[in-house]
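# coords below, sequence missing:
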């Protein structure tokens with residue numbers, strides 16, 4: 001294996017006066033062209049640069065300058081370029097930027113020449129083919145689906161946008177994430193899409209209807225904030241490796257391995273000393289034994305991880321330890337990783353503005369299978385992708401176009417061929433006796449700068465980053481410790497360093513065709529061979545020694561003798577259309593609450609919904625319907641779950657239906673006799689029938705939370721996923737009061753389980769279970785004098801707090817602006833309003849609105865020069881000077897996914913511009929700077 005860091009890969013103009021390598025511009029992203037001849041990078045300079053890979057991999061080519069190192073510089077973006085991705089065909093390049101635009105680039109033979117405003121010359125030209133607006137904030141990641149059918153983009157606007165990979169039209173917008181979306185990848189089979197977000201979830205979407213298939217939260221509950229959360233899907237389709245996961249309440253940084261099908265995250269890759277920011281699978285599947293059949297039990301994968309601890313680890317799923325760990329390859333965190341299509345070269349870029357390249361020999365990554373084996377294996381999934389748009393194709397290009405697209409020549413492959421030896425055996429299989437399955441690295445005790453040293457089945461000479469010749473010691477049968485991998489001797493086991501070896505600069509490429517599958521064996525149709533798609537991952541428990549304590553992920557082997565079409569409850573019944581009309585004079589066959597049973601102060605202010613013949617609720621993110629049907633002719637009352645034209649399940653009820661609601665987690669129906677049924681999406685009753693003693697007035701759901709407001713004024717909220725109440729039922733009398741003019745205009749629930757109740761008095765309330773009290777989210781009172789009160793015109797892309805204030809503003813008849821007010825009226829009202837808005841944003845969990853309100857609040861304090869308020873705010877955000885996790889639980893370092901001290905940095909910048917608060921800001925900026933340096 002050869003390691004190199006080309007110094008000439010830099011996002012800086014050739015005519016730039018700055019030559020300080022310690023201040024190289026940040027490189028956020030990289031991606032290798034499918035033919036391996038060029039690599040694209042994007043950086044903070046808002047430019048995309050395309051480099052030739054031959055000078056990187058071949059020192060002779062680097063010295064000769066042929067082909068040129070820099071091929072093209074693209075300058076259409078107006079903000080930092082955060083992601084670049086080549087289409088699988090190599091025909092187009094997609095880029096996403098801080099300017100919220102996705103750009104598609106195409107090769108243009110006529111666009112060569114000098115770069116505008118620079119002395120650089122483009123050897124080849126790429127033109128912007130199409131500009132794809134749609135995101136409202138930074139575009140953080142992109143991914144092309146198999147065969148380039150779709151392009152997915154994600155961004156800081158919390159949305160996922162699906163574009164047609166051929167017409168480049170927008171097909172779908174998925175907006176169920178509640179935080180910045182920072183990673184996206186496609187299932188290589190084409191059946192699913194995975195996204196990862198700062199809302200601490202990884203979501204799996206179906207490509208057939210773009211509905212939500214699964215939501216994984218457990219590994220990310222305590223994950224810290226990172227610039228990216230780039231995840232990757234294994235080439236066999238069996239696993240997703242997601243970045244920025246943690247174990248042990250956030251104290252152990254891991255990458256979570258999510259299994260296909262049950263979407264369980266029971267396996268972790270452990271060992272990095274800081275958050276894992278990016279995961280990237282080698283595009284090829286590997287065979288444990290190339291002589292055996294291409295079946296699940298014989299398949300493994302290779303995945304690379306890049307972390308904020310400045311190190312890179314490479315794992316093979318048949319091994320319990322990483323095959324390579326490169327320590328301190330960069331000066332700062334790793335931002336992106338990219339494998340070449342041949343599977344033998346890994347590229348990495350960092351925020352320190354440099355690129356590192358790991359080039360393997362074929363015998364170092366044994367068992368690499370051609371893509372034809374992967375395609376043959378995918379047939380077992382039984383997924384049939386939708387037909388291509390008529391007249392569009394990325395692969396069937398005219399011959400002239402293919403010739404035009406020919407890139408600069410790649411490094412020639414040597415004539416030396418290799419024979420694939422039997423794959424190295426993994427650890428033995430042992431039944432898992434509980435707990436999480438872990439691939440664990442033994443962390444080093446003391447941080448110390450060392451040259452990157454590697455481990456694995458490496459049979460060639462290995463240079464370090466400083467080009468000091470080193471040779472890798474072959475691994476022993478009992479495995480090696482993390483100290484040995486990184487070149488640090490363990491305190492309990494001293495090893496001498498390997499002797500120096502001469503360094504060869506030859507480029508070791510294999511000339512065997514990547515699609516030559518003649519040496520591979522496939523199971524014949526008449527053989528009884530396991531063709532399960534569940535690929536095992538070997539894991540290791542460090543509780544044992546000398547090979548003891550080994551265990552392996554259990555494999556759920558299942559046969560393929562499934563029925564051609566599954567039955568559904570009610571699916572054979574033709575679906576009929578029910579006219580919607582109100583049933584007059586109907587009385588339920590159950591308990592009906594009389595007016596005398598309702599407290600006089602609430603009577604008439606919480607009316608029951610009208611009894612209709614037909615009710616429906618749409619499932620979020622899909623076209624599925626949950627329907628309720630009441631008969632006005634003495635027939636049966638029923639609920640149905642309908643997908644497309646087929647009824648998936650139905651149920652019959654003993655009492656007429658008043659209200660229904662549905663989310664991707666549950667379906668709920670409230671009946672006239674005061675009872676409530678809750679179903680899973682597949683029709684199972686996940687909770688017993690709840691008897692509330694009064695009919696429903698309002699029913700609402702969001703994610704796993706369900707809210708019901710009874711006609712007697714009792715508020716109920718349940719967490720359906722946990723099957724428990726969020727708090728004890730509470731009466732609305734404290735906020736409704738005794739006036740008959742105060743009524744409930746709307747009652748909804750937020751995805752975090754917070755109820756939002758808007759009253760006709762111009763006030764919106766919520767209930768805080770920790771305070772055991774109703775709280776005010778907003779009120780028309782602030783319109784009397786707050787400078788931060790928004791106008792009646794509706795702004796686009798409103799957050800929940802802004803929407804609440806807009807709804808209140810629409811009902812305000814007007815304010816008396818000519819009424820004489822006290823001197824400090826506006827200042828006091830504005831500060832009070834912004835403080836109330838900060839509390840409201842925390843209650844409904846709206847991070848961006850909290851940050852915006854904090855900025856306005858700091859500006860108002862700075863404008864007024866209120867030093868006491870400013871100092872109190874600074875201390876609240878800074879916290880205890882010597883605070884450490886686990887020592888002081890009275891202060892939390894984060895608020896709504898933000899680090900408080902990062903927010904403090906912005907607040908101090910605002911205070912520094914104030915004449916009154918300038919000195920205070922400078923003193924605290926020095927304290928903050930020293931604290932961050934110590935950390």
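Nice, I can see it. Since we're looking at a predicted model, the values are computed, not measured.

# Please count neighbours and contacts with C-alpha atoms only from this point.
Will do.

# Check which helix or strand residue 833 maps to.
Here residue 833, judged by DSSP states H and E, is contained in helix 825-843.

# Need the contact partners of the helix or strand just after that helix.
Later in the chain than helix 825-843, the nearest helix or strand by DSSP H and E is helix 847-864. For helix 847-864, contacts defined as C-alpha atoms under 8 Å, 6 or more residues apart in numbering pick out 179, 799, 801, 827, 830-831, 834-835, 837-838, 841-842, 867, 869-870, 896-898, 903, 906-907, 910-911, 913-914, 916-917.

# Selection in PyMOL covering whichever of those are buried, please.
Provided next is the PyMOL selection string for whichever of those are buried by 16 or more other C-alpha atoms under 10 Å:
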select buried, resi 179+801+827+830+831+834+837+838+841+870+896+897+898+903+907+910+911+914+916+917
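
# Sketch out the low-pLDDT regions of the stretch 651-800 of the chain for me.
Along the stretch 651-800 of the chain, segments meeting pLDDT under 70 span 791-797.

# helix/strand/coil for residue 56?
helix (DSSP: H, G, I helix; E, B strand; the rest coil).

# Look at it and report its pLDDT.
For residue 56, the pLDDT comes out at 92.

# Residue 139 and residue 152 touch, don't they?
No: using C-alpha atoms under 8 Å, residue 139 is not in contact with residue 152; the gap is 10.7 Å.

# Counting neighbours, go ahead and name the busier of the two.
The residue with more neighbours, out of residue 139 and residue 152, is residue 139; 30 against 24, by other C-alpha atoms under 10 Å.

# Show me what that one bridges to in the sheet.
Taking DSSP bridges as the rule, residue 139 bridges to residue 155.

# how much space between it and residue 621?
Per C-alpha to C-alpha, to the nearest Å, residue 139 is found 21 Å from residue 621.

# any residues touching the helix holding residue 833, and which ones?
Counting by C-alpha under 8 Å, 6+ apart, 754, 776-778, 782, 785-789, 801, 847, 849-850, 853-854, 856-857, 860-861, 864, 895-896 sit against helix 825-843.

# Over to stretch 170-182?
For stretch 170-182, contacts defined as C-alpha under 8 Å, 6+ apart pick out 140-141, 154-164, 195-199, 210, 227-230, 621, 847.

# Buried ones in that stretch, by neighbour count?
Buried, per 16+ other C-alpha under 10 Å, within stretch 170-182: 170, 173, 174, 177, 178, 179, 180, 181, 182.

# partner residues bridging the third one?
Beta-bridge partners of residue 174, counted by DSSP bridges, are residue 160.

# if I look at it, how far off is residue 148?
Taking C-alpha to C-alpha as the measure, residue 174 falls 19 Å from residue 148.

# got it, and the fourth one?
Relative to residue 148, residue 177 is positioned 24 Å away (criterion: C-alpha to C-alpha).

# and what of the last one?
Using C-alpha to C-alpha, one obtains 21 Å as the distance from residue 182 to residue 148.

# And the helices in the protein, which stretches?
In the chain, the helices defined using DSSP state H lie at 54-57, 59-64, 371-378, 399-404, 482-485, 733-736, 800-811, 825-843, 847-864, 867-878, 900-912, 918-934.

# For the ones you listed, which has the smallest mean pLDDT value?
Across the helices of the chain, helix 482-485 has the smallest mean pLDDT, namely a mean of 33.

# List the contacts of the residue nearest to residue 671 when sequence neighbours are not counted.
Computed as C-alpha to C-alpha, 6 or more residues apart in numbering, the closest residue to residue 671 that is not its neighbour in sequence is residue 657, at 4.4 Å. Residues in contact with residue 657 (C-alpha under 8 Å, 6+ apart) are 611, 628, 629, 630, 637, 669, 670, 671, 672.

# Nearest to residue 333 among those residues?
Closest to residue 333 out of these is residue 669 (50.2 Å), distances taken as C-alpha to C-alpha.

# what's the neighbour count on that closest one?
So residue 669, with other C-alpha under 10 Å, has 23 neighbours.

# Same check on residue 583?
For residue 583, using other C-alpha under 10 Å, the count is 15.

# any idea how far it lies from residue 674?
Look at residue 583 and residue 674: by C-alpha to C-alpha, they are 18 Å apart.

# try residue 924
From residue 924 to residue 674 the distance is 58 Å (C-alpha to C-alpha).

# same question, residue 822
With C-alpha to C-alpha as the criterion, residue 822 and residue 674 are 52 Å apart.

# Neighbour count: these two, which is higher?
Remark: of residue 822 and residue 674, residue 674 carries more neighbours, 22 against 6, as counted by other C-alpha under 10 Å.

# Just list the residues touching the residue nearest to the more buried one when sequence neighbours are not counted, thanks.
Leaving aside its chain neighbours, residue 674 sits nearest to residue 695 (4.1 Å; criterion: C-alpha to C-alpha, 6+ apart). For residue 695, the contacting residues are 592, 593, 608, 670, 671, 672, 673, 674, 675, 710, 711, by C-alpha under 8 Å, 6+ apart.

# Of the residues you listed, which belong to strands?
670, 671, 675, 710 (DSSP state E).

# Serialize those to TSV and add fields for neighbour count and distance to residue 320.
Below are these laid out as TSV (neighbours: other C-alpha atoms under 10 Å; distance: C-alpha to C-alpha, whole Å):
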residue	neighbour count	distance to residue 320
670	26	52
671	23	55
675	21	53
710	22	56
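
# Among those, which one sits closest to residue 806?
Closest approach to residue 806 among the ones in strands among the contacts of residue 695 (C-alpha to C-alpha): residue 710, at 26.7 Å.

# now the most centrally placed residue in the chain: how far from residue 610?
What sits nearest the mean C-alpha location of the chain, by C-alpha atoms, centre = their mean, is residue 196, with 0.9 Å. Distance of residue 196 to residue 610, computed by C-alpha to C-alpha: 42 Å.

# can you give me the strands for the stretch 151-300 of the chain?
Applying DSSP state E, counting those that start in this stretch to the stretch 151-300 of the chain gives strands spanning 160-164, 170-174, 181-186, 192-197, 201-206, 212-216, 232-233, 239-247, 252-259, 267-270, 276-281, 286-287, 299-300.

# Packing partners of the last one?
Contact here means 3 or more C-alpha pairs under 8 Å, 6 or more residues apart in numbering; DSSP states H and E; on that basis strand 299-300 packs against strand 286-287.
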